[in-house]
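Visitor: mind looking at a prediction? Sequence and model below.
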Amino acid sequence: MKQIKRIDLLLSFCTSGLLLLMALPAYGDIARPKPSPEKPKIALHTSLVVVPDVKAYEARLQISETSLRELRAALANTPTNESMVQRVVHSSTRTAMAGLFLFLSLSFAGVWLARSMQTRGQKAAAALLLGIAVIGAAAIITRANAGPPSYLYWRKLPQNLSKGYPTSGSVDIEIVPDPQDGSGMKLIVPMIPER
């Protein structure tokens, strides 16, 4: 009787331990809590003047030489940890590489199609496919990053600001001599009147 109780106790202990060990991987599916975002550190404090310009077609950010030196000094003290993936994703070569690989894939498909069947109709189809690949590659290379004119992005700036909506567009950055009024940076925004 004592022997049976011992075996029952040992069996229930082993079963409980096995059940606990099997329950631990179940926590693997639970997502870790997201860390609270850190408040960004103020690296530089300067003034910004926003100037509308009806003659401008591109927004320009004019940074004074003094503000640029201060910004460089602040950036020198900031650690950078950009990964390799981020550097590749934000590079302009990714578009050219995608176009090149698309061109090569269509070219090889055309050559393979031409060699697989030696009939006259399929050679014409392969030549047509190769021509389309060349035209497509040329279009990708020339128009890959083209978009609408940049002043169109800034056209609805007053309405968006009054509604509290963001407005985004491209900006040219210019380095200018220190202005007499002491302003650190000036943002010149194109204000094309709507027709």
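Guide: Okay, I see it.

Visitor: and the nearest residue to residue 70 once chain neighbours are set aside, what pLDDT?
Guide: Nearest non-adjacent residue to residue 70, counting by Cβ to Cβ, 6 or more residues apart in numbering: residue 44, 5.5 Å away. Quick note: C-beta positions are derived from backbone N, CA and C, even for glycine. Residue 44 is assigned 75 on the pLDDT scale.

Visitor: try residue 62
Guide: With respect to pLDDT, residue 62 has a value of 91.

Visitor: now do the one 3 residues further on
Guide: Reading off the confidence values, residue 65 has pLDDT 88.

Visitor: ok, now residue 173?
Guide: 90.

Visitor: renumber starting at 10 from here on
Guide: New numbering, starting at 10: the last item is residue 182.

Visitor: count of residues packed around residue 163?
Guide: 23 (other Cβ atoms under 10 Å).

Visitor: contact partners for it?
Guide: 68, 176, 178, 198, 199, 200, 201 (Cβ atoms under 8 Å, 6 or more residues apart in numbering).

Visitor: repeat the analysis, applying 7 Å as the threshold.
Guide: 68, 176, 178, 198, 199 (Cβ atoms under 7 Å, 6 or more residues apart in numbering).

Visitor: so residue 26 sits in a strand?
Guide: No. Looking at residue 26 with DSSP: H, G, I helix; E, B strand; the rest coil, it is helix, so not inside a strand.

Visitor: tell me the buried residues in stretch 73-85?
Guide: By neighbour count on 16 or more other Cβ atoms under 10 Å, the buried set for stretch 73-85 is 73, 76, 79, 80.

Visitor: so which of the residues you listed are in strands?
Guide: residue 73 (DSSP state E).

Visitor: distance from the chain centre to stretch 182-198, please.
Guide: 28 Å (Cα atoms, centre = their mean, to the nearest Å).

Visitor: CA atoms only for that stretch, dumped as CSV, please.
Guide: This file holds the C-alpha atoms of stretch 182-198, laid out as CSV (Å, rounded to 0.1, in the frame of the first residue of the first chain):
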residue,chain,number,x,y,z
ILE,A,182,18.5,73.0,-48.1
GLU,A,183,20.7,76.0,-48.7
ILE,A,184,23.6,77.2,-46.5
VAL,A,185,23.6,81.0,-46.4
PRO,A,186,25.8,83.6,-44.7
ASP,A,187,24.6,84.8,-41.3
PRO,A,188,21.7,87.2,-41.8
GLN,A,189,21.7,90.6,-40.2
ASP,A,190,18.4,90.0,-38.3
GLY,A,191,20.0,87.1,-36.4
SER,A,192,17.5,84.5,-37.5
GLY,A,193,19.0,81.0,-37.5
MET,A,194,16.9,79.3,-40.2
LYS,A,195,14.4,80.4,-42.8
LEU,A,196,11.8,78.2,-44.5
ILE,A,197,10.6,79.6,-47.8
VAL,A,198,7.4,77.9,-48.8
